[in-house]
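Engineer: Here's my sequence, what's the structure:
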Amino acid sequence: MTNCAEVREQLPALIDDGTSELNLRRHLSRCAGCRDELARYDTLRRSLATMSVVPTEPPPGLLGAISGIPGRDSRVLDVRHHVVRNKTVYVGGAVAVVGALGALAWRSHRGRVATA
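Structural biologist: Numbers count the residues shown, from 1 in each chain. Predicted structure coming up:
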C-alpha cells in the first residue's frame, strides 16, 4: 500500500512524463488530498509554461551607485597587504609562541623524569 508522503514525492514526475505505477494510480483514485496536490502541480506547471522573459532597463544612476560600493576583494587585498608589510612581526610572534610552548613541554618532561 502506498502512503500519501510517497505519492506526493512522485507527483512532479507524474506531471512531467504522465506515466505512473498501478499503486500510484490506485492511491490517487481513493485519496482526494493527493488528487488536489496533483491538480496544484498541474496548475503550477501550466502557469510556468506561459511565463515569458521581459527585458527591462535599469533605472538611471544605478550603475554609478553600484560601482561606488567597495568590493569585497578590496578588503581582502587590504588584509593581504597588511600581512605582507608586517610579516616579520607575525613570524616573530609565532616563533616566540612555539618557543614558549617548547620550553614548557621540555620543563614539564624534565620534571617528570627527575621525580621518577
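Engineer: for D17, what are its contacts?
Structural biologist: Not one residue lies near D17 by CB atoms under 8 Å, 6 or more residues apart in numbering. C-betas here are computed from N, CA, C, even on glycine.
Engineer: Kindly apply the preceding question to L44 instead.
Structural biologist: L44 neighbours (CB under 8 Å, 6+ apart): none.
Engineer: Past the worst-scoring helix or strand of the chain on mean pLDDT, which element shows up next along the chain?
Structural biologist: Within the chain, no helix or strand scores below helix 72-85, which has a mean of 72 by mean pLDDT, DSSP states H and E. Next helix or strand after helix 72-85 toward the C-terminus (DSSP states H and E): helix 87-115.
Engineer: Show me how far stretch 31-47 is from its chain's centre.
Structural biologist: 30 Å (CA atoms, centre = their mean, to the nearest Å).
Engineer: Which of the residues in that stretch are classified as buried?
Structural biologist: Neighbour-count burial for stretch 31-47, counted by 16 or more other CB atoms under 10 Å, picks out C31, C34, E37, L38, Y41.
Engineer: I'd like these as a markdown table, with secondary structure appended.
Structural biologist: Formatted as a markdown table, the buried residues of stretch 31-47 follow (DSSP: H, G, I helix; E, B strand; the rest coil):
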| residue | secondary structure |
| --- | --- |
| C31 | coil |
| C34 | helix |
| E37 | helix |
| L38 | helix |
| Y41 | helix |
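Engineer: So which of those is the closest to A65?
Structural biologist: Y41 (41.0 Å; CB to CB).
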